[in-house]
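Student: everything below, folded, please.
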Amino acid sequence: MPPPPQQAPQPTAPQPAPANEQLTPAALASASPEMQKNMIGERLYPLIHQTQPELAGKITGMLLEMDNSELLHLLESPEALNAKIQEALQVLEAHANAANK
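Tutor: Residues are numbered from 1 along each chain as shown. From the prediction side, this is the model:
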């Protein structure tokens, strides 16, 4: 009986930094625009989930439409992030009301 075929080692993709690590400008600068949004989103989601667990994914997606510099400010300022979360909730509520008419 022949030996089982050898599997080639799988290349490992670079793992994103844990959410508790500081997001450095150098780390962002070396990433593609798509990866930058991903890195920022991975840090925003847990913060949004603390106050809006049901809508955290939706709100994170809405906020990721913003410019990266604004998103970085939200990560550094809980007050600014909470204001944007409230704004997103108002937009979602207005959309839901419009859909029900």
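
Student: those strands in this protein, which residues are they?
Tutor: Ranges of strands in the chain, per DSSP state E: none exist.

Student: what pLDDT does the model give residue 100?
Tutor: On the pLDDT scale, residue 100 is placed at 87.

Student: from residue 54, how far out is it?
Tutor: Here the distance between residue 100 and residue 54 works out to 18 Å (Cβ to Cβ, to the nearest Å). In this view, the C-beta of every residue, glycine as well, is placed from N, C-alpha and C.

Student: repeat that for residue 68.
Tutor: According to Cβ to Cβ, residue 68 stands 26 Å off from residue 54.

Student: of those two, which one has the most company?
Tutor: residue 68 (14 against 8; other Cβ atoms under 10 Å).

Student: so the closest residue to the more buried one other than its chain neighbours versus residue 24, what's the distance?
Tutor: Spatially, and ignoring its direct neighbours in sequence, residue 68 is nearest to residue 36 (5.8 Å; Cβ to Cβ, 6 or more residues apart in numbering). Going from residue 36 to residue 24 by Cβ to Cβ gives 12 Å.

Student: residue 101 too?
Tutor: 47 Å.

Student: more crowded one of those two?
Tutor: residue 24 (10 against 4).

Student: what's near enough to touch residue 37?
Tutor: 64, 68 (Cβ atoms under 8 Å, 6 or more residues apart in numbering).
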